[in-house]
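Chemist: need a structure here:
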Amino acid sequence: MSNNCISVAKQRFQSLWRRLRRNKTLYTQYKETIQDYLNQGIIEKVKDSEINAHKPMYYLPHQAIKKEGRVTNSTCMVFDAASHQANELSLNDCLWPGPNLNPNLLDVLIHFRLNRVAISSDIRQAFLQIRLADKHKYFVRFLWTDTNPRIGEKLTLHITLRNITKFIP
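Modeler: Take a look at the predicted model:
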């Protein structure tokens, strides 16, 4: 995995920015999502002293996904850990997938009907509830700014995920 993955993240962020600039509602919702993640402690700003740390790091491209019909914020932030430069590994390529801990769906459906009463639940933002070790936060950074990004310009806000959808051992 290359330390130079920031160029892919910058290009994708500039593309996202153009899309957000054309759609003010989407921009407002996306910005609210980022602010909500900051408030919940799901993400945190990278300290200036750590922006150019001489450590391996990875910047995740991200995009806005609009989910129609939701009562609350209909815009989700989706990270692309499969992105990579030519002849380089992606973050997904470097992760050990681990054993499949999901139960067999057929077994779940059959056992669901065995008793008279069935109870189910959902965890809000379940995939964002997995805590990362500090040493792994260098690999889940993303770029964000409130101003129009320009090629070669230093972006004002580097953010790292505190929690992530995949466990990094």
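Chemist: all strands of the protein, in order?
Modeler: Assigned by DSSP state E, the strands in the chain fall at 43-45, 62-66, 75-79, 141-144, 157-161.
Chemist: hey, which of those is tucked in deepest?
Modeler: strand 141-144 (a mean of 22; mean count of other C-beta atoms under 10 Å). C-beta: built from backbone N, CA, C; applies to glycine.
Chemist: so what's the closest residue to Pro61 other than its chain neighbours up against?
Modeler: In space, and not counting its chain neighbours, Pro61 is closest to Arg12: 3.6 Å by C-beta to C-beta, 6 or more residues apart in numbering. Neighbour list for Arg12: 61-63, 80, 83 [criterion: C-beta atoms under 8 Å, 6 or more residues apart in numbering].
Chemist: where does the protein have low pLDDT?
Modeler: Judged by pLDDT under 70, the chain has its weakly predicted residues at 1-4, 53, 70-73, 126-127, 148-169.
Chemist: centroid-wise, who is the farthest residue in it?
Modeler: Arg116 (39.8 Å; C-alpha atoms, centre = their mean).
Chemist: next one: phi and psi at Asp80?
Modeler: phi -110, psi 90 (degrees, to the nearest 10).
Chemist: how near is it to Asn52?
Modeler: From Asp80 across to Asn52, the span is 23 Å (C-beta to C-beta, to the nearest Å).
Chemist: of the two, who's got more company?
Modeler: Between Asp80 and Asn52, Asp80 has the larger neighbour count (other C-beta atoms under 10 Å), namely 17 against 9.
Chemist: in space, what's closest to the more buried one - neighbours in sequence excluded?
Modeler: Nearest non-adjacent residue to Asp80 (C-beta to C-beta, 6+ apart): Pro61, at 4.6 Å.
Chemist: neighbours of that neighbour, how many?
Modeler: Counted with other C-beta under 10 Å, Pro61 comes out at 21.
Chemist: same thing with Leu26?
Modeler: A count of neighbours around Leu26, defined by other C-beta under 10 Å, yields 17.
Chemist: now do the one 4 residues further on
Modeler: Each residue near Tyr30 was counted by other C-beta under 10 Å, and the total is 24.
Chemist: surely it and Leu20 touch.
Modeler: Yes - between Tyr30 and Leu20 there is a contact under C-beta atoms under 8 Å: 6.0 Å.
Chemist: quick check: neighbours shared by those two?
Modeler: Residues touching both Tyr30 and Leu20 by C-beta under 8 Å, 6+ apart: Ala64.
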